[in-house]
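Engineer: prediction below, plus the sequence it came from.
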Amino acid sequence: MLSNARLPRSPSGWTMAVFGVLAAALGLVGLVSPDTTIRLMGLAPRADRPAGDHTVLFLTASSMAALNMGVYYVLAALADWKSFFRWTVPFRFLTFSVFTLAVLTDRAPAGFLGVGLWEAAGALATGVALRVESRRASRKEAVA
């Protein structure tokens, strides 16, 4: 069964697959155990929140989005869809910028910085892998 398993075919595909699996897993954690995600992000526990607080509602929406996004990334990695990989890099850096700015302007707790750093690290890894792959392909074409 494992011999028939489809795996990413390139280093950039692997970066996307790893990011996708992590995003899907964290999204699932947020859906199944919102208190775990709340603690990881350094937010006040649900028991300490006033009536009418909608933090868990927004956490549910973002967790569902993370689960979906994770699946999209894994499927793109399995298809080795390099155009998609390239499109994600600047937007993941944008996400890093917005999330970091949210922490710096006190719109989010310091724990939220980890989300931005995770996005930046993933974007950097994918961008570097794409560049290395592009250079290798250029060298092969020059030799041929």
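Structural biologist: Yep, that arrived.
Engineer: low-confidence stretches in this protein?
Structural biologist: Filtered on pLDDT under 70, the chain yields the residue ranges 1-5, 144.
Engineer: the helices in it, which residues?
Structural biologist: For the chain, helices defined by DSSP state H occupy the ranges 11-32, 34-40, 55-79, 82-104, 113-143.
Engineer: packing partners of the fourth one?
Structural biologist: It stands for helix 82-104. Under the contact criterion of 3 or more Cβ pairs under 8 Å, 6 or more residues apart in numbering; DSSP states H and E, helix 82-104 touches helix 11-32, helix 55-79, helix 113-143. Bear in mind the C-beta positions are built from the backbone N, C-alpha and C, glycine included.
Engineer: buried deepest among the helices of the chain, which one?
Structural biologist: Mean neighbour count (mean count of other Cβ atoms under 10 Å) peaks for helix 11-32 among those, with a mean of 19.
Engineer: give me the distance from that one to the chain's centre.
Structural biologist: Distance of helix 11-32 from the chain centroid (Cα atoms, centre = their mean, to the nearest Å) equals 6 Å.
Engineer: stretch 68-80 now?
Structural biologist: A distance of 11 Å separates the centroid of the chain from that of stretch 68-80, by Cα atoms, centre = their mean.
Engineer: try stretch 51-70
Structural biologist: Using Cα atoms, centre = their mean, the offset of stretch 51-70 from its chain centre is 15 Å.
Engineer: turn the helices of the chain into CSV, including distance to residue 49.
Structural biologist: Output for the helices of the chain, formatted as CSV (distance: least, Cβ to Cβ, whole Å):
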stretch, distance to residue 49
helix 11-32, 16
helix 34-40, 9
helix 55-79, 6
helix 82-104, 19
helix 113-143, 20
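Engineer: what about residue 106, how many neighbours?
Structural biologist: 8 (other Cβ atoms under 10 Å).
Engineer: got phi/psi on it?
Structural biologist: phi 60, psi 20 (degrees, to the nearest 10).
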